[in-house]
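> any chance you could fold what I've pasted below:
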Amino acid sequence: MNDNIFREKSVKRISSPENLSEYLRVTTPAMWIILTGVAIVLLGLFVWSNFVVINSYAYGKGVVKDGILTVTYEDQRVARNITGDMLVSIGDVYMEIDTVGRDKNGHVVTVSDTNFPDGDYEAKACYRQTKVISMLFN
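Numbering: from 1, shown residues only. Here you go, the predicted model:
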């Protein structure tokens, strides 16, 4: 049995140095520029994903009366994640949640001190912050 796994004609063709450039591709500077660009984009996405945070909110209807904000949350599955150490916001104004409880219908309700005028407001409480990098590698 023959020990060569390659045909002799093919071995002779590739072993001649004159024709070596026909069989091997030389990497051009344009290919290195493209490779460097792709590496920079991937590195930029990695760095960006370390600093970007996606917030998860529970939305509710807020009522202010005599400086007390009472928020009743719409989605009870989401609202059960709210605790007393979180913040509730109306627009760009954040207030600490003083107490968390349930009303007579079983809805989650939070109470906070505020200096907003009496009235009805749309409120939200951030209950989870997720880094994008953890979504990619988790």
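
> burial of the closest residue to residue 111 other than its chain neighbours, as a residue count?
Computed as CB to CB, 6 or more residues apart in numbering, the closest residue to residue 111 that is not its neighbour in sequence is residue 99, at 4.8 Å. To be clear about C-beta, it is placed using only N, CA and C from the backbone, and glycine gets the same treatment. By the measure other CB atoms under 10 Å, the count of residues near residue 99 is 10.

> equivalent analysis for the one 4 residues further on, please.
When counting by other CB under 10 Å, one arrives at 10 neighbours for residue 103.

> look up how far residue 70 lies from it.
Residue 103 sits 9 Å away from residue 70, taking CB to CB, to the nearest Å as the criterion.

> and for residue 138?
Applying CB to CB, the value for residue 138 to residue 70 is 36 Å.

> equivalent analysis for residue 33, please.
From residue 33 to residue 70 the distance is 61 Å (CB to CB).

> overlap in contacts, residue 103 and residue 70.
residue 109 (CB atoms under 8 Å, 6 or more residues apart in numbering).

> tell me which strands and helices the helix or strand in which residue 44 is found is in contact with?
Per DSSP states H and E: residue 44 is located in helix 29-51. Contacts defined by 3 or more CB pairs under 8 Å, 6 or more residues apart in numbering; DSSP states H and E place helix 29-51 against helix 132-136.

> ok, residues contacting the helix it packs on?
46, 48, 49, 50, 52, 53, 54.

> mean confidence (pLDDT) on the helix holding residue 44, please.
In this model, helix 29-51 carries a mean pLDDT of 95.

> C-alpha coordinates for that helix, CSV please?
The C-alpha coordinates for helix 29-51 follow below in CSV (Å, rounded to 0.1, in the frame of the first residue of the first chain):
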residue,chain,number,x,y,z
PRO,A,29,-3.7,46.1,3.2
ALA,A,30,-7.4,46.5,2.4
MET,A,31,-8.2,43.2,4.1
TRP,A,32,-6.2,44.3,7.2
ILE,A,33,-8.1,47.6,7.3
ILE,A,34,-11.5,45.8,7.1
LEU,A,35,-10.4,43.4,9.8
THR,A,36,-9.3,46.2,12.0
GLY,A,37,-12.6,48.1,11.4
VAL,A,38,-14.6,45.0,12.4
ALA,A,39,-12.5,44.5,15.5
ILE,A,40,-13.0,48.2,16.5
VAL,A,41,-16.8,47.9,16.1
LEU,A,42,-16.9,44.7,18.2
LEU,A,43,-14.8,46.3,20.9
GLY,A,44,-17.0,49.4,20.8
LEU,A,45,-20.1,47.3,21.2
PHE,A,46,-18.6,45.4,24.1
VAL,A,47,-17.6,48.6,25.9
TRP,A,48,-21.1,50.2,25.2
SER,A,49,-22.8,47.1,26.6
ASN,A,50,-20.9,47.4,29.8
PHE,A,51,-22.2,50.9,30.5
